[in-house]
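Asker: predicted structure and sequence below. I'll ask about it afterward.
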Amino acid sequence: MKVSIRYGLCCQFLDAPIRFRAATHRYVWGLEPAARREYLAGIARDNAAALLASVGECRRLGIGAFRINSGILPLSTHPASGYRLPGIDPDGTTEALFREAGEAARAADLRLSFHPDQFVVLNSEREAVVASSVSELEYQAAVAKLVGADVIVFHGGSTAGGRDAALERLERGIERLSERARVRAALENDDRQYAPADLLPLCRRLGIPLVYDVHHHRCRPDGLSVEEATLAAAETWNGREPYSHISSPRDGWDAANPRPHADYVDLADWPDAWRGVRMTVDVEAKDKERAVTALMREIGSGPVVKPRGRKSGRKAGQTSGG
DNA sequence: GCATGTCAAGTTGTG
DNA sequence: CACAACTTGACATGC
């Protein structure tokens, strides 16, 4: 019997010996073209293998979703040292590995997603920024299709010129996406500029679902209750499984800055409105799979009781408040 | 082997 | 105008 909440891990593991490789433009630019291709090809192959291993580890741990790092094919969209997968993978070995990872994910009922970082601003006032954002989203959409990821989530972006004008630009930006990117696109409320209420009208009009981040909502409230936002966001998924994010403030809610993420999710931050709901929830916590499995245990254990102790680790007990 | 400086990208807010 | 905050580790290199 499937549990109602599908818990998600973001991008990497703490305990499992699975590592994704990265690359810097400065380094690869100093290599001869052939050596550069070989270097990047090795990273791509290793990262595809790491993704396959990640799927296995998530299944072993009972984790139901995995966010794929934007750097899975590092520098792919760089204006100078960028490349496309077939160009560095002529015999298709790496592509086959990606497909295998995707098939393993489907077999394990593991939901895959992408989340481009802050450089993707579809509604920038600068055309060059919009163009590179489209390019980045198209690259992620290509990999998403390859591995069967159904969600690429990004933020509302800029508010320059006023929120209304910026939302208008966002709509134009979304229109520039290919079908492949658009069907996977989702918007997420952020902690400074765009609250759920700011994005919901656009989401409804364009049929773009809203990924509801409850931590961001608590940092930037909009008059909607957590329950109202949860329901409104869920409706934008139009029958697909809704997607949410959760995290706890590193220094507590009363801190001058409640935005940085804590190592673990405090059970007190888990919304009551999420109990018994069918939904994917990415756990954005520094302690990665430890935090995901800890939360799964705590929620699954029924009554809201603080766990006695946490698995031995770097900073044991640091979140318990002394 | 370990410490270190560096890393493609945007936007906003502060000093 | 310059810079930090977002986040943040991982890379190659130099000792």
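Answerer: That came through fine. Numbering: from 1, shown residues only, chains lettered A, B, ... in the order given.

Asker: the residue positioned nearest the centre of chain A: what's its closest spatial neighbour, skipping adjacent residues?
Answerer: What sits nearest the mean C-alpha location of chain A, by Cα atoms, centre = their mean, is A:H115, with 3.9 Å. Nearest residue to A:H115, sequence neighbours excluded (Cβ to Cβ, 6 or more residues apart in numbering): A:V153, at 5.2 Å. Every residue, glycine included, has its C-beta placed from N, CA and C.

Asker: hey, what's that neighbour bridged with?
Answerer: Beta-bridge partners for A:V153, by DSSP bridges, are A:A186.

Asker: which non-adjacent residue is nearest the closest residue to DNA strand C within the stretch 51-200 of chain A?
Answerer: Distances between the stretch 51-200 of chain A and DNA strand C by Cβ to the nearest atom of the strand are smallest at A:Q118, namely 4.9 Å. Nearest non-adjacent residue to A:Q118, counting by Cβ to Cβ, 6+ apart: A:H155, 7.8 Å away.

Asker: let me know the pLDDT of the one you found.
Answerer: Predicted confidence (pLDDT) for A:H155: 93.

Asker: could you do A:R36 as well?
Answerer: 93.

Asker: one more: A:D263?
Answerer: pLDDT for A:D263: 89.

Asker: quick one: it from DNA strand B, how far?
Answerer: Noted for A:D263: a distance of 21 Å to DNA strand B, by Cβ to the nearest atom of the strand, to the nearest Å.

Asker: low-confidence ranges in chain A?
Answerer: A:1-3, A:301-322 (pLDDT under 70).

Asker: OK, contacts around A:L14?
Answerer: A:D287, A:K288, A:E289, A:R290 (Cβ atoms under 8 Å, 6 or more residues apart in numbering).

Asker: neighbours of the second one, how many?
Answerer: It stands for A:K288. Counted by other Cβ atoms under 10 Å, the residues lying close to A:K288 total 19.

Asker: now swap in the last one and tell me
Answerer: Residues near A:R290, counting by other Cβ under 10 Å, number 20.

Asker: surely it meets A:D15?
Answerer: Yes. Judged on Cβ atoms under 8 Å, A:R290 makes contact with A:D15 at a distance of 6.6 Å.

Asker: name the nearest residue to the residue of chain A found nearest DNA strand C, ignoring sequence neighbours.
Answerer: Using Cβ to the nearest atom of the strand, the closest approach of chain A to DNA strand C is made by A:R21 at 3.5 Å. Computed as Cβ to Cβ, 6+ apart, the closest residue to A:R21 that is not its neighbour in sequence is A:I43, at 4.6 Å.

Asker: likewise for A:R67?
Answerer: A:C10 (4.5 Å).

Asker: now A:A291
Answerer: Nearest non-adjacent residue to A:A291, counting by Cβ to Cβ, 6+ apart: A:A285, 3.5 Å away.

Asker: so that neighbour, which of the three states?
Answerer: At A:A285, secondary structure determined by DSSP: H, G, I helix; E, B strand; the rest coil is coil.

Asker: kindly provide the distance from it to A:A141.
Answerer: 27 Å (Cβ to Cβ, to the nearest Å).

Asker: between those two, tell me which one has more neighbours.
Answerer: Using other Cβ under 10 Å, the more surrounded residue of A:A285 and A:A141 is A:A285, with 26 against 22.

Asker: can you pull out the helices in chain A?
Answerer: A:25-29, A:33-61, A:85-88, A:93-107, A:127-147, A:163-175, A:179-182, A:196-206, A:214-219, A:226-236, A:288-300 (DSSP state H).

Asker: ok and the fifth one relative to helix A:163-175, angle-wise?
Answerer: Helix A:127-147 runs at 50 degrees relative to helix A:163-175, counting by axes from the mean of the first three to the mean of the last three Cα atoms, to 10 degrees.

Asker: no further queries at this time; thank you.
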